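In: I'll drop the sequence and a predicted model, then ask my questions.
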Amino acid sequence: MGWFKRSPWILHYNATSCNGCDIEVIVSLTPLYDLERFGIINTGNPKHADILAVTGSVNEKSRQVLINLYEQMPNPKVIVAVGLCAISGCVFQDCYNVMGGVDKVLPVDVYVPGCAARPEAIIDGVLKACEILEEKYSQQKKIQSRLAKI
Amino acid sequence: MNTIQEMFQVWSMLERMLAFVLLAPLLGGLIAGIDRRVSARFQGRYGPPVLQPFYDVLKLFRKERIIVNRFQNFTMVLFLIFTIFSGALFFAGADLLLTIFSLALAGTFFVLGGFCVGSPYSHLGAEREIIQQVAYEPMVILMAVGMYQVTGSFKVSVIAQYQSPLILYLPGVFAGFLYILTIKFRKSPFDLSMSHHAHQEIVRGMTTEFSGPTLALIEIAHWYENVMLLGMVYLFFAFNPWLGIGIALLTYLFEIFIDMNYARFKWQLTFGSSWLFTAVAGVSNIIVLGLMKI
């Protein structure tokens, strides 16, 4: 049974986003979209989270924070880049302080396009991320069983 | 009408303990699921499936085990064990005082777990948990005292078989117990030390450093605790078992209603109000009862 698919907990981090995508992430928790009907909870704690939703482009200041958050999350974990800035840096990619999208720093699993990303798109992306989470868990188990044989 | 009482009388002490250990998490998880669904409906949302707490716990058992130090999980396992122990004592019909004290001991281990990790959020949560314990503990003991005054025994089995309604003798104690029950259920005006769901102020408070399987254990201990507390509510209406179960469930619904309608209190207000309520409702009830008996 896919338990990860049924209860993914999200950690949301704003890496210098303009707040457009942040508002859309919060909107998807409101009564109109209600992410919790999929068992999704917005936690504030990386140690409880399965999915890291990042909004905004990454710069020198937010890079270390992002890496810290990612490393505090227990395996299996996935990253969702929400919005164009998180995907590529968008209009800010030529700025001297901007490194670009989240994938410059961490391995991104799901890209959710849009400026700002629509709540429907975010929900779709998160549900895609759940499937990847499930896949990562089964891979992890395979590796563990192989290691046990050795 | 008395089928439940008869059923309990037929079972031996060990059987009743075993029934609690096996059935309470199922019941507690179901109640937690209904809680989340009803809370969502109060907020105009659709809400998660009723079995969602079980999904959460099963997922948490599959997560990686991250610990900060060696003692961290030890205290939480003790918390679970003592919670189960006190619940089993309660449903076996043993001494009510012993039940209450072992529950307090379980709470102490929980606080120790919060203190033994390095996170400042966890420390703040643990400090608040202590304040909460000081706030609710007098009322819990007063409840046992009140029940003793009426029935002449601390034994749960005797109290449960007392034929006249306890609630008529102890309305103040019941009101006070309802007040502190909000703290014990970790519902909104008093969810200072660790808050569930989406609202968080000090990250996750006490459980900040507890992840994966340990968090699942905390969740399960919480289910056991909830079932036991609802059992205590049942004792007030034990003269009619169906009424007792109905009122216990209604109490939980009432707590959800309170949860949805109040913002979080500061610790000063939590502490002051619960002691004031304990004094006004609980202590005065017991004094009046004492005068009436003489």
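Out: Yep, that arrived.

In: what helix or strand does residue 144 sit in?
Out: You didn't pick a chain, so chain A it is. Assigned by DSSP states H and E, A:Q144 belongs to helix A:119-149.

In: should've been chain B
Out: Here B:A144, judged by DSSP H and E, is contained in helix B:120-151.

In: would you mark the buried spots in that helix?
Out: B:121-130, B:132-133, B:135-151 (16 or more other C-beta atoms under 10 Å in any protein chain shown). Backbone N, C-alpha and C define where each C-beta goes, glycine included.

In: what residues does chain A have near chain B?
Out: Taking C-beta under 8 Å from any C-beta of the partner chain as the contact definition, chain A meets chain B at A:1, A:3-4, A:6-7, A:29, A:31, A:34, A:36-39, A:41-45, A:47-48, A:50, A:72, A:74-76, A:137.

In: filter those to the buried ones?
Out: Neighbour-count burial (16+ other C-beta under 10 Å) applied to these gives A:3-4, A:6-7, A:29, A:34, A:36-39, A:41-45, A:47-48, A:50, A:72, A:74, A:76, A:137.

In: helices of chain A, start to end?
Out: Using DSSP state H, the helices assigned to chain A run over residues A:3-6, A:20-27, A:60-72, A:84-88, A:119-149.

In: just the mean pLDDT for the helix holding B:A144, thanks.
Out: Per-residue pLDDT values across helix B:120-151 average out to 89.

In: what's the spacing between it and its chain's center?
Out: Helix B:120-151 sits 10 Å away from the centroid of its parent chain (C-alpha atoms, centre = their mean, to the nearest Å).

In: same check, this time on stretch B:104-114
Out: Once both centres are worked out by C-alpha atoms, centre = their mean, stretch B:104-114 turns out to sit 14 Å from its chain's centre.

In: same deal with stretch A:46-65?
Out: Relative to where its chain is centred, stretch A:46-65 has its mean C-alpha point 8 Å off (C-alpha atoms, centre = their mean).

In: quick one: low-confidence parts of the stretch 51-200 of chain B?
Out: Flagging of the stretch 51-200 of chain B using pLDDT under 70 yields the residue ranges B:196-200.

In: just the helices in it please.
Out: All helices of the stretch 51-200 of chain B, identified by DSSP state H, counting those that start in this stretch, fall at B:52-62, B:72-92, B:96-115, B:120-151, B:156-160, B:166-169, B:171-184.

In: for these, which one sits closest to A:Y13?
Out: Among these, the nearest to A:Y13 by C-beta to C-beta is helix B:120-151 (16.8 Å).

In: about what we covered before: ranking the helices of chain A by burial, who's on top?
Out: Mean neighbour counts were taken over the helices of chain A using mean count of other C-beta atoms under 10 Å in any protein chain shown, and the top value, a mean of 25, falls to helix A:84-88.

In: just checking, what packs against that one?
Out: Helix A:84-88 sits against strand A:51-55, with contacts defined as 3 or more C-beta pairs under 8 Å, 6 or more residues apart in numbering or on different chains; DSSP states H and E.
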